[in-house]
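Asker: what shape does this take:
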Amino acid sequence: MKVVAIIPARYASTRFPGKVLVPINGKPMIQWVWERASMAEKVDEVMVATDDERVAEAVSEFGGRVVMTSDHHQSGTDRVAEAAAKISADVIINLQGDEPLIHPDSLDLVAEPLLMDEDLPMSTLMRPISSRSDYLNPNVVKVVRDEQGNAMYFSRSPLPAYRVSVEVMDSWKKGQGPPKELVPAPMKHVGIYGFNHGFLQALASLPRTPLEKAESLEQLRVLEWGFRIRVVETPHESVGVDVPEDVKKVKALLKKEKA
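Answerer: Down below sits the predicted model:
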């Protein structure tokens, strides 16, 4: 089975225009993402899907493959679906273009369930929430899954909403992990997706759903239409670049990696 990682990369980011081309230690950010994805053992090919000639030119300069897409897409998944429709593949991985520290193993983890089960529509990742501030932060998406490892729900709200005493929650101190009484342990969603190729094409044609609109989380469209999302835990943290200040964090972490 062929696995292709597609990186949706638009230039016109609302909060940080041109961020996929911002230089990080001498290379544009999109190159860091492409290189990390290319290191994954289960990924056969990596390509960038964009609607902008500046991004396309930068990718071509470092030897990456580019697929040009429409400039009318509402989400990265729609852009990836258009690009995927133009290629031959069995599994498609949607990897955001603002994840320069993504670990190659994370791509392998998200691909594995789809390679093992051809009937599985979709997969994604999660990792433990360590801080109470992340648990309460609406920008950190939480996920809960069932006993088969499939997603039950994703939310920007605290999830699960633990019915424990105030004292237990207050014991969740800064710099420490969650109290042992919080079962199951809180998990945050890691926004990398794997798709069965055929399902991805079908998903792009499905209308947006009420919960998807309410939470502004496109993966809820999959659950609302009754499809499974396998959620795999990853030990690897990744730092997305949303605003210019995040670039400094990434540079510091890259420096630490080399130390």
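
Asker: okay, residue 32: pLDDT?
Answerer: Confidence at residue 32, expressed as pLDDT, is 93.

Asker: for the residue nearest to it when sequence neighbours are not counted, which residues are in contact?
Answerer: Nearest residue to residue 32, sequence neighbours excluded (CB to CB, 6 or more residues apart in numbering): residue 100, at 3.7 Å. Using the backbone N, CA and C atoms, a C-beta is placed for each residue, glycine as well. Listed by CB atoms under 8 Å, 6 or more residues apart in numbering, the contact partners of residue 100 are 24, 29, 32, 33, 36, 239, 241, 250, 254.

Asker: how near is residue 100 to residue 198?
Answerer: Note on residue 100: its distance to residue 198, by CB to CB, to the nearest Å, is 31 Å.

Asker: before we move on, what about residue 224?
Answerer: Shown here: residue 224 relative to residue 198, a distance of 19 Å by CB to CB.

Asker: surely residue 227 and residue 122 touch.
Answerer: Yes - with contact defined as CB atoms under 8 Å, residue 227 reaches residue 122; the gap is 6.8 Å.

Asker: higher neighbour count, those two?
Answerer: With neighbours defined as other CB atoms under 10 Å, residue 227 and residue 122 compare such that residue 122 has more, 26 against 18.

Asker: who touches the residue lying closest to the more buried one once chain neighbours are set aside in this structure?
Answerer: Leaving out its chain neighbours, the residue that sits closest to residue 122 by CB to CB, 6+ apart is residue 229, at 4.7 Å. Going by CB under 8 Å, 6+ apart, residue 229 touches 121, 122, 123, 124, 150, 151, 219, 222, 223.

Asker: what's the answer for residue 136, then?
Answerer: Going by CB under 8 Å, 6+ apart, residue 136 touches residue 158.

Asker: so what pLDDT did it get?
Answerer: Per-residue pLDDT puts residue 136 at 93.

Asker: how near is it to residue 183?
Answerer: From residue 136 to residue 183 the distance is 19 Å (CB to CB).

Asker: likewise for residue 10?
Answerer: Separation of residue 10 from residue 183 (CB to CB) stands at 40 Å.

Asker: neighbour count: those two, which is higher?
Answerer: Per other CB under 10 Å, whichever of residue 10 and residue 183 has more neighbours is residue 10, with 20 against 11.

Asker: would you confirm that the more buried one contacts residue 54?
Answerer: No - at 10.6 Å, residue 10 does not count as touching residue 54 under the criterion of CB under 8 Å.

Asker: check residue 258 and give its pLDDT.
Answerer: What the model reports as pLDDT for residue 258 is 66.

Asker: residues contacting residue 4?
Answerer: 43, 44, 45, 46, 47, 84, 87, 89, 91, 92, 93.

Asker: show me what the top strand by length along the chain is packed against.
Answerer: Under DSSP state E, the strand in the chain containing the largest number of residues is strand 187-196. Applying 3 or more CB pairs under 8 Å, 6 or more residues apart in numbering; DSSP states H and E, one finds that strand 187-196 contacts strand 91-94, helix 104-116, strand 122-128, strand 142-145.

Asker: and the contacts of the third one?
Answerer: Translated: strand 122-128. Residues outside strand 122-128 that contact it (CB under 8 Å, 6+ apart): 106, 109-111, 113-114, 143, 145, 151, 177, 185-196, 199, 203, 219, 222, 227-237.

Asker: please apply the same query to the second one.
Answerer: With contact meaning CB under 8 Å, 6+ apart, helix 104-116 is reached by 1, 3, 5, 36-37, 39-43, 90-91, 93, 95, 120, 122-125, 190, 192-196, 230, 232, 234, 236, 238.

Asker: give me the PyMOL select line for those residues, limited to the buried ones.
Answerer: Restricted to buried positions by 16 or more other CB atoms under 10 Å, the PyMOL selection for these reads:
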select buried, resi 3+5+36+37+40+42+43+90+91+93+95+120+122+123+124+125+190+192+193+194+195+196+230+232+234+238
